[in-house]
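Asks: dropping the sequence and predicted coords here.
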Amino acid sequence: MHSATARTKSPYHVTTLKNGLGLVLHPMPQAASVAVGMWVRAGGRYESAERAGISHFLEHLLFKGTRRRSCEQLKQQVEGVGGSLNGFTAEEFTCYMAKVPRRHARRAVDVLADMIRNPSFLPQDIEKEREVILEEIRMYEDAPGQIVHDLFSQLLWPEHPLGTLLSGTIDTVRRITREDIVRYWRAMYQPRNVLVSCAGAFEGEAVTRQVRAALGGMRGMRPPQFARAPRPRRGPQVRVWKKPTEQAHVCIGTYAMPRTHPDRFALELLHVLLGANMSSRLFREVREKRGLVYEIGTHIKRFHDTGAFVIYAGCDTGKLMATVQTIFREMSRIRQTPIARAELRRAKDYYAGQLVMGLEDTMDHMLWIGEQAVTVGRIAKPDLLLSHLANVTARDIQRVARQLFVTPKMHLVAIGPIAEVETAQLHSACRVNGTVA
């Protein structure tokens, strides 16, 4: 028998500074590197319609320089010792991250802390970066395989931040002023809204002292909250964007459970079974057996109060209807036919293997603990997650599939040179067998 202490001991050290800033550390003594992330609860969900894209705009600007370092000095401080410096914006947070050789851990913390605390916001930098982002949006509009995912989010959550482009639109990015950016930074980049995560070969006490010295003096009010997700729309909902593309691109899916829902482990395994890898049902049936597509897969969107299960495929325009029909047939099958024991075992082993191998890498581990800490305020031990996963039954997965894959919940977006007659056929094909519209 394990003692209660052994069961509850965590490999993660969690601290909250006096000003409310969070710190999560995972020492990995055998690693050759250290990964540091600074997470801010600021993202697409916190934006007004008029300021859509401001979180992403702000993320770009923090790399342009601080009151202590120019843009070049920021990059050289990290890249000049063999490290990498990057960032990304999501719906519920923004992350700034650096990975460096182990002896330069202090430098990574110093550079990232300087970026989030002392950005220069020079007017000329703002105007240059505005043009970069506008070009990014234009380039994105020429990539139908990417934009189909945003159209799908718009279909799920119309006129809500979750259905809005993270980059904003050409119109909103043009309208955002320096005053808007500074005001948003002051409102959101506050100690209670910031979390630092660190994984790799470092000395925990030293990093804690450094974070306290660099960020412990931050002060601020309680930051704003985001608007809750709207009630799910009744479907099926179908949207077709006629565009002269080489391929047709399609997203099919539905609302899923929030980030911490008890059924999230069954949902993860449903994703593995249907479309997470080359052994999945959709890959085998739609690509390997029928040759309908080059690319097909599934992914899960996870948010605080909602989520989505999404199937994406890119195919020859002449094979669009057969692709959609085959996808719906596989959704119907997983609802109705028991999952074989061997297939379930392979899915569990795949999920467990991907988790364990991913956590070997300092950057992946830092991202894993940081996202959990900044979104739900706690970090699950990997062995606890794997025990929850092991307990999922074939019936659990089927029950979740039956909740998700019903005709009134289905959403479909397609992009391509799609004729009117095909649009009508897509509406008719958006049906899950055994469910009522």
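Replies: Yes, it's here. Keep in mind that this is a model prediction, so the values were computed, not measured.
Asks: which residues in the stretch 201-350 of the chain form helices?
Replies: 204-215, 264-275, 281-282, 320-336, 341-358 (DSSP state H, counting those that start in this stretch).
Asks: looking at those helices, which is buried most?
Replies: helix 264-275 (a mean of 23; mean count of other C-beta atoms under 10 Å). To be clear about C-beta, it is placed using only N, CA and C from the backbone, and glycine gets the same treatment.
Asks: out of the helices of the stretch 201-350 of the chain, which is closest to Val238?
Replies: helix 320-336 (10.2 Å; C-beta to C-beta).
Asks: looking at the helices of the stretch 201-350 of the chain, which is closest to His427?
Replies: Closest of these to His427 is helix 320-336, at 10.6 Å (criterion: C-beta to C-beta).
Asks: elements contacting the closest one?
Replies: Helix 320-336 makes packing contacts with strand 247-256, helix 264-275, helix 281-282, strand 307-316, helix 394-404, strand 411-416, helix 420-429 when contacts are defined by 3 or more C-beta pairs under 8 Å, 6 or more residues apart in numbering; DSSP states H and E.
Asks: go through the ones you listed and find the least confident stretch.
Replies: Lowest mean pLDDT within the helices and strands packed on helix 320-336: helix 420-429, at a mean of 92.
Asks: in it, what's buried?
Replies: Along helix 420-429, these residues count as buried under the neighbour rule (16 or more other C-beta atoms under 10 Å): 422, 425-426, 429.
Asks: now the residues you listed in CSV, with distance to Gly416?
Replies: Compiled in CSV, the buried residues of helix 420-429 are given as follows (distance: C-beta to C-beta, whole Å):
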residue, distance to Gly416
Glu422, 9
Gln425, 13
Leu426, 11
Ala429, 15
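Asks: ok, these vs Thr66, which is closest?
Replies: Distance to Thr66, by C-beta to C-beta, is smallest for Leu426 among the buried residues of helix 420-429, at 50.6 Å.
Asks: pretty sure the closest one contacts Met321?
Replies: Yes: counting by C-beta atoms under 8 Å, Leu426 touches Met321, with 7.4 Å between them.
Asks: Gly314 versus Gln403, what's the distance?
Replies: Using C-beta to C-beta, to the nearest Å, Gln403 is found at 28 Å from Gly314.
Asks: neighbour count winner among these two?
Replies: Gly314 (20 against 17; other C-beta atoms under 10 Å).
Asks: who touches the residue nearest to the more buried one when sequence neighbours are not counted in this structure?
Replies: Excluding its sequence neighbours, the residue lying closest to Gly314 (C-beta to C-beta, 6 or more residues apart in numbering) is Glu295, at 4.6 Å. Neighbouring residues of Glu295 by C-beta atoms under 8 Å, 6 or more residues apart in numbering: 145, 312-314.
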